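In: Structure for this input, please:
(3 chains)
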Amino acid sequence: MASLFKQISAVTSMNVRSIPQRAAMSIASVVAVALAISVLLFFLALGHGLSQTVQGSGANDVAIVLRDGAGAELNSVVTRDQLNIIAQAPGVVRRGQAPIISGELLVIVDGNKRSTNTNANMPFRGIGPEGLSLRHNVHIVQGRMFRPGTNEIVVGAGLLREFSGFEFGRTIRLRGTTWQVVGVFEAPGTVFDSELWADVAVTQSLFNRPNVYQTMRVQMTSPAAVQTLKRFVHDDPRLQLQVLSEREYYAQQASQSTGQFTIIAWFLGVVMAIGALAGALNTMYASVAARSAEIATLRIIGFSGYAAFFGTMVEALMLSALGGVLGLVISFIAFNGRSTSTLSSGFTQLVFRFELSPGIIVSAIIVAVIIGLFGGFLPGIRAARVRPQLELAAQ
Amino acid sequence: MTDLIRLTDVEKTYTRGKEKIAIFERLSMRIEQGDFLALMGPSGSGKTTLLNLLGGTDRATRGTIEFDGKRIDKLSEGQLTNWRAQNVGFIFQFYNLMPILTAAQNVELPLLLTNLSPKKRRENVATALNIVGLSDRARHKPREMSGGQQQRVAIARAIVADPKLLLCDEPTGDLDRTTADEVLGTLQLLNRDLGKTIVMVTHDAAAAKFAKRTLHLDKGHFVASELAA
Amino acid sequence: MNRITYLLAHILLGVLAFLVFTRVAPGPLFSAFQLLFFILSITLIIWRGINIGWRNWAWLILLIPVVNVGFLLFAPSKERFPKRNFIEITPDRSTTVDDVRLVRWNLARNSVRTILLSVSILIAFLLFGVLVSFNVAITDVRTAPNRMVTLSKINFTESLPIAYFDRVLHTDGVLAATHMNWFGGYYQDQRRGFMAVFAVDPDSYLRVYQDDLHLTPQARETFLHERTALLVPRNIADRYHWRVGQHIPINSNIFTNGTNGSHVWDFTIAGIFETPDGNSQANSVLIRYDYFNDTITFGRDRIGWISFLTTSATVNDRVAHAIDTRFANSQDETSTQDAAAFNRSFAAQLGNIALVVTLVVGAAFAAILLIVGTTMALAVRERTKEVGVLKTLGFSSGRILRMVLGESMLLSLIGATLGLLAAAGVLYILSHLNGGGGGGFHLYPSVIGISAAIAIALGLVTGILPALSAYRMNIIEALGRR
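Out: Below is the predicted model of the structure:
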């Protein structure tokens, strides 16, 4: 066993030292693996970043109320009467007499995407007086909060990063009236970071939707109280509504939008990995062919076929691992942490960052190693089958 | 007899690194039509270089080379290639057959440089293989033949386009005595019956005996000349 | 499918195939390629479920004999096209040799290598075919240049008062106009049964979109007169096996039906229609505005947007300006633009898809360029001695250069053909997974054309360095004797 190990390491070091002789082909297959890994990482990081942002938006002690069957905020309708009934439900946190609730109306307004200078849909959310306190991680970083009853807007920092038209201090015309951007808020890693907020009553009247909300958010005393509210709504025939915890709602939304990216990532990643594998096999066959005289000589001296096999395997694994590492380096330099935006399930733009997770990095490494294993296996067998014949060694 | 080849004051130098190596300084020679000439000499004496010059695969640094009254040293690279295709057949030590082609296909290669139809090509190939006695091996690949057979395929390839001159570089260097004698016999036959002019480089004195005359080269000079018995 | 585009693409490919295959594999293989392409085209048409009309079928069926007869008439000489085995890639011991065969046999000599390279080229063209077709499908919705759309300035989801319709219709330069509402429709299951249902004014809709929908006179009549009539595109009807006359419940995820308090409306299928390839109305399900407007509980007498035709594309800007100024400073300001621009900006919202496609396809081609290029270099290096022999025999350097280039070109064409076939397969599966709801994807003739150009370029680029090194190779050094 020890002797076999020695043989393998001897053969491997000879192989590795002879790589420069096949430099062009070896580099080609390293680059092919690196590019395949980069493409896989690109879409996985895209999907993960998006999913993190959507999922990170929800608290589990805040309930979100939608029209039954609406599926998403944009399609939902909640009336003032329904809002008032729920405000009285058990388990709702109160500040003095007032329940901490926020009836909200989400409309779409046009913005301009900086990178492409094209029109984009911005989510414009009218929130109730308690809207800010219902969202725990939000704080104003510039200016101040809008004053209720006025045409004032606060804008998310993420939105400002990707889109123009809503800069701090700017006046905007919507529906024939002027709005003033009075503040910038930060809600890092949530969907709110790419929203515009204004007073819900003003929004209702200006967008011609008197007394109509789309959703309402309710601060519950505990996560368990969300269940109580669900039963409460279920038992009241006047309420054709659906109650979810904010976390449940956003987890649902996340799975819808990120599923596609994961599928795209693996489709493209695997297809490109097959291409890279073909390249790796090709390189390794060429390597075995180039070394056949050397292998035959070693076999005559007394090295075993296993040594030839493992030597080839190790060479293939080294090349593909190098490709994998190069792919990771490309990913970290080229896109990890970069901000981007896409159309969310609500037809509005959602700003998020590419995000590599340890899990994603591990799966990329696994793909690279699999390419190496397959790429070394068959050529390795060919190497092991080189017979210890003098005429082969003499070539 | 007329001269097929005439070399006058040929000089050939190589530069290897910074060093200049002179193979020939003032070499002159004539080869008559129908001659069978063996070139012998130690390694580095310039035998193979001479063969390359005669075949137009290498160029002299100075001097004139005439073939059939024409100056081939004046020809452009492309003209030289055409001239070679029409006038010279080559036979190498290691046969140099195409491994992917059968014997017949290998022999056919030079005919691709002519405008013969496939049918006519096939006939010529059959004739050439018949001359070297390998008609029954036409569909075999080089790998499936012995060294002697491969060399006879190479001879067939060399003569199929009916060149005037055959240049052989150690044609029996890789063969055993009996096989070598067979191959040399074939060459002798080509010289005697078909009137091919042959120049053969060899190390082997026994091989040289098949030629009409033998020239000994050393350090770029002819040191001896003998006629066959 | 646009007939002219189709025919041009077919003829272009035919000529290309002619040029390539007369060098590499003339005769039967050329016809086989034609036949393959013909079958592929027809399969695509059937997949798409398009009625291209009997004239186009006749064109297609005529094309094969015409091209092949043309081929026979203009073929250089019989000498160059002797009878051959059908597809002959492996060395045949009984035939004569020629340059073209030598190229093919050289490629076949290391079959493992050739297969591996073909696979990697296949992959690049597969990605190219799928991704570019996908991009074309979502960005290149064909609309007439004089088609325009008026929406709320705030956003396309905001509605407009119905009174605006008449004012737009009577604006100078407007030929015909219609209005549409988004219904938020789905059948049975909100996610899987999603469909693009629009409430339209039947009379004006059919006037504005008269060339876009292939409809039987009977279906047209029913839709014009029956309140609960429903028009369904062929792909959706096929998916649910719907027939004309059938009653279908459609849900809305936005509106409530005032007559029954639910989100369900009942419709009767008036007709099943087909649309030309890439048409904007391709996956639209149509219901009547009057039925919709009378039954909804909120948002009554409002319309989603107005689609209209101008008298000529040259007046587009003037008309847009006239309309938008008319409603400026009102409660509902408008934004009027041509339909193509609107579609493009909508697709652009998904992200910069073109850039992503370019990056991914670029990565794939960069990888194969390296793999194939280095392997071709190795292949020629391995054959150094043979190149030397050929040169000694009197083969000109130019001829050897062409043989090496022919080899890389053939390899690239094989890979590209296989890759596009695979892409067609993947697109077929994708459009069926999608249920036809999101628009069927297929290989566009333009994509095939561009692929052919890329394949040739790839063949040249990967082959040129090895070919030049073979071209320059010195006989003496190649044979290793001096």
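
In: how close does residue A:293 sit to chain B?
Out: 17 Å (C-beta to the nearest C-beta, to the nearest Å). C-beta: built from backbone N, CA, C; applies to glycine.

In: same question, residue A:223
Out: 75 Å.

In: what does residue C:467 give?
Out: Here the criterion is C-beta to the nearest C-beta. By it, residue C:467 lies 17 Å from chain B.

In: and the closest residue to residue A:135 other than its chain neighbours, how many neighbours?
Out: What sits nearest to residue A:135 in space, not counting adjacent residues and going by C-beta to C-beta, 6 or more residues apart in numbering or on different chains, is residue A:192, at 6.1 Å. Residues contacting residue A:192 under the criterion other C-beta atoms under 10 Å in any protein chain shown number 24.

In: Give me the domain ranges for the chain.
Out: Chain wasn't specified; assuming chain A. Domain assignment for chain A by automatic domain parsing gives A:2-55+A:253-394, A:62-221.

In: my question was about chain C
Out: C:1-87, C:98-142+C:351-482, C:154-332.

In: quick check, residue C:402 in a strand?
Out: No. Under DSSP: H, G, I helix; E, B strand; the rest coil, residue C:402 falls outside any strand and is assigned helix.

In: want to try a markdown table for the domains of chain A, with mean pLDDT as columns?
Out: Formatted as a markdown table, those follow (pLDDT from 0 to 100):
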| stretch | mean pLDDT |
| --- | --- |
| domain A:2-55+A:253-394 | 86 |
| domain A:62-221 | 88 |
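
In: In a markdown table, list these along with distance to residue C:269.
Out: Below are these laid out as a markdown table (distance: least, C-beta to C-beta, whole Å):
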| stretch | distance to residue C:269 |
| --- | --- |
| domain A:2-55+A:253-394 | 29 |
| domain A:62-221 | 24 |
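
In: Format the domains of chain C as a markdown table; extra columns: mean pLDDT.
Out: Listed next are those as a markdown table, based on pLDDT from 0 to 100:
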| stretch | mean pLDDT |
| --- | --- |
| domain C:1-87 | 54 |
| domain C:98-142+C:351-482 | 85 |
| domain C:154-332 | 88 |
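
In: Buried deepest among those, which one?
Out: domain C:98-142+C:351-482 (a mean of 20; mean count of other C-beta atoms under 10 Å in any protein chain shown).

In: so what's the residue nearest to residue A:135 up against?
Out: A:57, A:135, A:138, A:156, A:185 (C-beta atoms under 8 Å, 6 or more residues apart in numbering or on different chains).

In: Out of the domains of chain C, flag the one nearest residue A:124.
Out: Nearest to residue A:124, of all those, is domain C:154-332, at 8.6 Å by C-beta to C-beta.

In: wait, what's in contact with the residue of chain C at minimum distance from chain B?
Out: Residue nearest to chain B within chain C: residue C:394 (2.5 Å; C-beta to the nearest C-beta). Contacts for residue C:394 (C-beta under 8 Å, 6+ apart) come out as B:81, B:82, B:84, B:85, B:86, B:88, B:110, B:113.

In: sorry, back to before: state whether the residue nearest to residue A:135 is indeed within a helix.
Out: Yes. Remark: residue A:192 belongs to a helix, assigned using three-state DSSP.

In: Look up how far chain C lies from it.
Out: For residue A:192 relative to chain C (C-beta to the nearest C-beta), the value is 19 Å.

In: what helices or strands is the longest helix anywhere in chain B leaning on?
Out: Ordering each helix of chain B by length in residues (DSSP state H) puts helix B:177-193 first. Helix B:177-193 is packed against strand B:36-40, helix B:118-131, helix B:147-159, strand B:165-169, strand B:197-201, helix B:205-208, with contacts defined by 3 or more C-beta pairs under 8 Å, 6 or more residues apart in numbering or on different chains; DSSP states H and E.

In: and if we set it to 7 Å?
Out: On a contact count with 3 or more C-beta pairs under 7 Å, 6 or more residues apart in numbering or on different chains; DSSP states H and E, helix B:177-193 meets helix B:147-159.
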